[in-house]
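>>> One predicted model, sequence on top.
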Amino acid sequence: MTATTALDLATIREYCRVLRLATVAAQCERLAQDAVRQQQSPLAFLASLLAAEVDDRERRAIARRVQEAHLPRLKLLEDFDFGAAPQVSAARLHQLAEGGYLARAEPIILIGDSGTGKTHLATGLCVAACRQQKRARFITAAGLVNELVEAQQQHLLGRALQRWSRLDLIVLDEVGYVPFAQGGAELLFQVISERAERTAWIITTNLPFSEWTQVFPNARLCKALLDRITDRAHIIDTGTDSYRFKRTLIHRNPQPEQRAHQPSPST
């Protein structure tokens with residue numbers, strides 16, 4: 001590298017620092033060398049340099065959205081075994097992942113027994129929304145109620161509700177596992193009622209709608225809540241056969257062809 005080239009690089013990197021173009025600073029030397037080898041025009045070189053900056057910013061933005069969603073585990077739709085869940089349509093889930101329901105603020109409700117993949121599917125859809133740079137948050141129903149009750153006790157309920165109003169997608173997991181006291185149920189209804197038709201919801205539940213009164217003690221409130229979350233909703237039944245249980249059985253009792261490939265026990 002000549003002294004002139006080194007000075008030019010130092011100048012470019014200083015400009016990049018001021019303009020906050022970290023990727024341009026990191027990639028400019030390598031891409032310039034590639035441009036010389038490939039005999040690219042100056043405009044083609046500039047385009048590739050700016051594309052690298054844009055791609056890196058998009059990756060970092062998506063990573064930030066995923067982190068802000070507070071996912072319990074990172075699970076993708078691509079990793080879901082639709083063959084083990086024949087009731088769930090892969091085509092329908094991938095169509096939803098394209099994000100049309102987000103623009104229309106339509107709810108998605110995943111109903112099924114424990115272990116049937118509801119949380120995996122909800123998480124996968126949440127990641128897909130983050131990839132579209134939507135603001136999302138994943139939380140259990142009990143977690144949200146506890147957060148709202150605590151905020152109310154500290155006279156910060158308005159601030160808490162405002163945080164939830166900024167989201168494009170709220171994933172409410174495990175509705176039906178824990179019954180709510182009247183006050184908690186009313187606070188949850190307040191959030192859902194205020195965000196209906198404004199924010200998309202994904203709700204997972206192990207209970208049919210007819211049994212939601214086991215969770216929400218006030219029958220009228222329960223009816224009003226169901227009326228809001230089922231309006232224009234995509235309702236997906238994940239079935240009753242536990243995917244996790246079947247996977248455990250397979251690991252414990254491998255098929256003959258699997259056993260044939262396992263090493264013989266030492267004598």
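Great, that's in hand.
>>> List the residues that contact the residue positioned nearest the centre of the chain.
Among the residues of the chain, the smallest C-alpha distance to the mean C-alpha position (C-alpha atoms, centre = their mean) belongs to residue 126, namely 2.0 Å. Remark: with contacts taken as C-beta atoms under 8 Å, 6 or more residues apart in numbering, residue 126 is in contact with 69, 71, 136, 138, 169, 171, 202. Every residue, glycine included, has its C-beta placed from N, CA and C.
>>> wait, isn't residue 48 in contact with residue 35?
Yes: counting by C-beta atoms under 8 Å, a contact exists between residue 48 and residue 35, whose distance comes to 7.3 Å.
>>> Tell me where the stretch 151-267 of the chain has helices.
Residue ranges of the helices in the stretch 151-267 of the chain, as given by DSSP state H, counting those that start in this stretch, are 157-165, 182-195, 219-229, 243-252, 256-260.
>>> just to revisit the earlier point, could you point out which of the contacts of residue 126 is nearest to residue 94?
Using C-beta to C-beta, the shortest approach to residue 94 within these belongs to residue 202, at 15.1 Å.
>>> And the closest one, how far from residue 122?
Per C-beta to C-beta, to the nearest Å, residue 202 is found 5 Å from residue 122.
>>> For those two, list the residues in contact with both.
With contacts taken as C-beta under 8 Å, 6+ apart, residue 202 and residue 122 have 108, 110, 171 as neighbours in common.
>>> Any chance of the residues you listed in a markdown table with distance to residue 93 and pLDDT as columns?
Shown next, in a markdown table, are the shared contacts of residue 202 and residue 122 (distance: C-beta to C-beta, whole Å; pLDDT from 0 to 100):
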| residue | distance to residue 93 | pLDDT |
| --- | --- | --- |
| 108 | 9 | 98 |
| 110 | 10 | 98 |
| 171 | 14 | 98 |
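>>> which secondary element of the protein has the worst mean pLDDT?
Within the chain, no helix or strand scores below helix 256-260, which has a mean of 54 by mean pLDDT, DSSP states H and E.
>>> show me what contacts residue 56?
With contacts defined as C-beta under 8 Å, 6+ apart, the neighbours of residue 56 are 22-23.
>>> What ranges does the stretch 51-200 of the chain have for its strands?
Listed from the start of the chain, the stretch 51-200 of the chain has strands (DSSP state E, counting those that start in this stretch) covering 108-112, 136-140, 169-175, 200-205.
>>> For residue 186, find the nearest of those.
Judged by C-beta to C-beta, the one of those that comes nearest to residue 186 is strand 169-175, at 15.4 Å.
>>> Adjacent strands (with direction) for the closest one?
Each strand that strand 169-175 pairs with, and the sense of that pairing, follows from DSSP bridges: strand 136-140 (parallel), strand 200-205 (parallel).
>>> Would you tell me which one of the ones you listed is buried the most?
Mean neighbour count (mean count of other C-beta atoms under 10 Å) peaks for strand 200-205 among those, with a mean of 24.
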